[in-house]
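Engineer: sequence first, predicted coordinates after that:
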Amino acid sequence: MESTHYLIFAILCMAVTTFATRALPFVLLKNYAQHPVLLYLGRYLPPAVMTLLVLYSLKNISLTMLPYGLPELCAIVIVVLMHIWRRNALLSIASGTAFFMFVQQTTWLHNLLV
């Protein structure tokens, strides 16, 4: 019974800490919402983070053996086209990820190239 109380307390502490770290910036910076630095960060930081994530995900591509990074390139093209077509980030990311995972789990693309 004691371990159950410990687990409940630990989960409660984690939940409160997570909520506090998410809410604290909004509470502390509410008077600075129109500050030029915050406006700049709000405009340019999300695309910069997404660019870094894409570059990080492409860092281990093998260009010396089949399929030469083709699954990654196809997934990126699918994400871009879906986003241009539907303007829905979740749908774009999910479709590119689904395609990439399908190609990784099957030998479909490798068989197509060989």
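Structural biologist: Received the coordinates, thanks. Note that this is a predicted model, so its numbers are computed, not measured.
Engineer: C-alpha from now on. contacts and neighbour counts both.
Structural biologist: Fine.
Engineer: helix or strand next in line after the one helix or strand H5 maps to, which one?
Structural biologist: Assessed by DSSP states H and E, H5 sits inside helix 2-28. Next in sequence after helix 2-28, counting helices and strands by DSSP H and E, comes helix 36-57.
Engineer: quick one: mean pLDDT for that following helix?
Structural biologist: What helix 36-57 shows for mean pLDDT is 92.
Engineer: can you give the distance from that helix to the centre of its chain?
Structural biologist: Offset of helix 36-57 from its chain centre (Cα atoms, centre = their mean, to the nearest Å): 12 Å.
Engineer: again, but for stretch 78-96
Structural biologist: Chain-centre distance of stretch 78-96: 13 Å, with Cα atoms, centre = their mean.
Engineer: buried sites along that stretch?
Structural biologist: Using 16 or more other Cα atoms under 10 Å as the test for burial, stretch 78-96 gives I78, V79, V80, M82, H83, S92, I93, S95, G96.
Engineer: show me what contacts A23?
Structural biologist: Listed by Cα atoms under 8 Å, 6 or more residues apart in numbering, the contact set of A23 is empty.
Engineer: tell me the confidence at it?
Structural biologist: 95.
Engineer: same check, this time on the one 4 residues further on
Structural biologist: The model reports V27 with a pLDDT of 92.
Engineer: what about it, neighbour count?
Structural biologist: When neighbours are counted by other Cα atoms under 10 Å, V27 registers 10.
Engineer: ok, it to A33 distance?
Structural biologist: V27 is 11 Å from A33, where distance means Cα to Cα, to the nearest Å.
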